[in-house]
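>>> Fold the following and give me the result.
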Amino acid sequence: MSRRSNQTGSRNESSAAKRESRPAGLADGWTVLAVCLVLVAIVWVVFGQTAGFGFVNYDDPDFWAGGHHLTTVALHAAATVLLFLVLRAMTGALWRSAFVAAVFGVHPLRAKSVAWIAERKDALSGMFFMLTLWAYVRYARQPSRGRYAAVALLFGLGLLSKNMLVTLPFVLLLLDWWLLGRMKGMQSAECRAQNAEGGADGSGGDPLWGLVREKIPLFLLSLGSCVATALVPEKLGAAARAPALERVENALVSYVLYLRQMVCPTGLANPYPLAPHGQDALYNLGTALGLKRDLPGAIAQYRKVLEINPDYPGLHHNLGVALANSGQMKEALAHYLPQGPGNQTGPTLCSEQSGGGAEERRAGGDIAKGSQTL
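This next block holds a predicted model:
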């Protein structure tokens, strides 16, 4: 009898020890599944309505856009669930991970990525971002060539979706230092326990240079994506590239703007202009004023763009339309009629037209027809 009692007591102690060895905050599989379903549900409640949205006015309105929208919603829901699972795997905190994932899933900054079909690349790259994090956590806990290959493959697919992921290797270094505790001298007791449970050596961690060297293949992928991106404007033509100073200014403003909008998501727009006084902002303002039939204001903004970049795509056409609708037909012709590459101005055309010629009247009719594209 006493022997049976001793065996029962040993089993109870063993079960209690196993329960105590689990990382704090981990719940059973049913709770995790329930959280995942709730995350999918809230994403659907917020963004499922896009199934009834149409295309933008550049596309054929006769085609149903709902399937495209639903695909993007599904990608975003998958990214939200993956974020929850990755954070839970790194921290062991169930409800905090669920809260962060829920905020990500329904944050107003995600509206552009989910509701605009052309921004599906953002939702797709976001899903691959989360998958890369998941693969990296598995690699960090139990390193192997196969697991590293999975990290590189998923990262490469993310870059092909959208090159915004070029900074991901730096994010992985941040995770090494912070949540994963892989950096030497930076490991907390909780990190060491979780790494040991995953099969990794939870002793002293790796030096910074070792972790950087480990990610050299990932940095090379980022570099290749940057080079490919830098070559694209050259193929599109110099007119499509904003000045370097304007792009630097836009990057600095965007950092501050997005940090503010994470906490206070107001003043959202689609798309965002580069700089407050840059060529894109001036051109967009001119177009908006033209649509409001404020032709003098539209012409003034287009002339400012003309001073910055005479080859700005669409500038001469819209300026010509605005001038024609203002009754300035001769000046409109100089901008509206193509005069070689870039549709640049043609002052000789104005001087050769003495007024009311057939060429001018025909072009004037084209300008009037084109006013709807202003």
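>>> how far does stretch 264-271 sit from the chain's center?
On the basis of CA atoms, centre = their mean, to the nearest Å, stretch 264-271 sits 14 Å off its chain's mean C-alpha point.
>>> going forward, begin numbering at 57 instead of 1
Right, with 57 as the first residue, what we last looked at is stretch 320-327.
>>> Average pLDDT for that stretch, rounded please.
Per-residue pLDDT values over stretch 320-327 give a mean of 76.
>>> Give me the pLDDT value at His124.
pLDDT, read off for His124, is 89.
>>> any idea how far it is from Gln384?
Distance of His124 to Gln384, given as CB to CB, to the nearest Å: 42 Å. (Each C-beta comes from the backbone N, C-alpha and C, glycine too.)
>>> More neighbours: which of these two?
More crowded of His124 and Gln384, by other CB atoms under 10 Å: His124, with 18 against 15.
>>> Now Gly370: closest residue in space that isn't a chain neighbour?
Leaving aside its chain neighbours, Gly370 sits nearest to Tyr339 (7.8 Å; criterion: CB to CB, 6 or more residues apart in numbering).
>>> ok, and that neighbour, which helix or strand is that part of?
helix 335-347 (DSSP states H and E).
>>> helices or strands next to that helix in the packing?
Packing partners of helix 335-347 (3 or more CB pairs under 8 Å, 6 or more residues apart in numbering; DSSP states H and E): helix 351-364, helix 371-381.
>>> Mean pLDDT lowest where, among those helices?
For the helices and strands packed on helix 335-347, mean pLDDT drops lowest on helix 371-381, to a mean of 84.
>>> starting at the chain centroid, how far to that one?
Chain-centre distance of helix 371-381: 34 Å, with CA atoms, centre = their mean.
>>> helices and strands of this protein: which one bottoms out on pLDDT?
Counting by mean pLDDT, DSSP states H and E, the weakest-scoring helix or strand in the chain turns out to be helix 403-408, with a mean of 30.
>>> Beyond the helix or strand hosting Ala208, next helix or strand please.
Using DSSP H and E, the element containing Ala208 is helix 201-217. As assigned by DSSP H and E, the chain's next helix or strand after helix 201-217 is helix 224-233.
>>> by contact count, what packs against the longest helix anywhere in the chain?
When the chain is parsed with DSSP state H, its longest helix is helix 122-147. Other elements packing on helix 122-147 under the criterion 3+ CB pairs under 8 Å, 6+ apart are helix 85-103, helix 150-162, helix 167-171, helix 176-197.
>>> What residues sit buried inside the longest one?
Of all the residues in helix 176-197, those buried under the rule 16 or more other CB atoms under 10 Å are 176, 178-197.
>>> What is it packed up against?
helix 122-147, helix 167-171, helix 201-217, helix 224-233, helix 245-254.
>>> now do the second one
In this structure, helix 150-162 makes packing contacts with helix 85-103, helix 122-147, judged by 3+ CB pairs under 8 Å, 6+ apart.
>>> chain center to that helix: distance?
On CA atoms, centre = their mean, the centre of helix 150-162 falls 19 Å from that of its chain.
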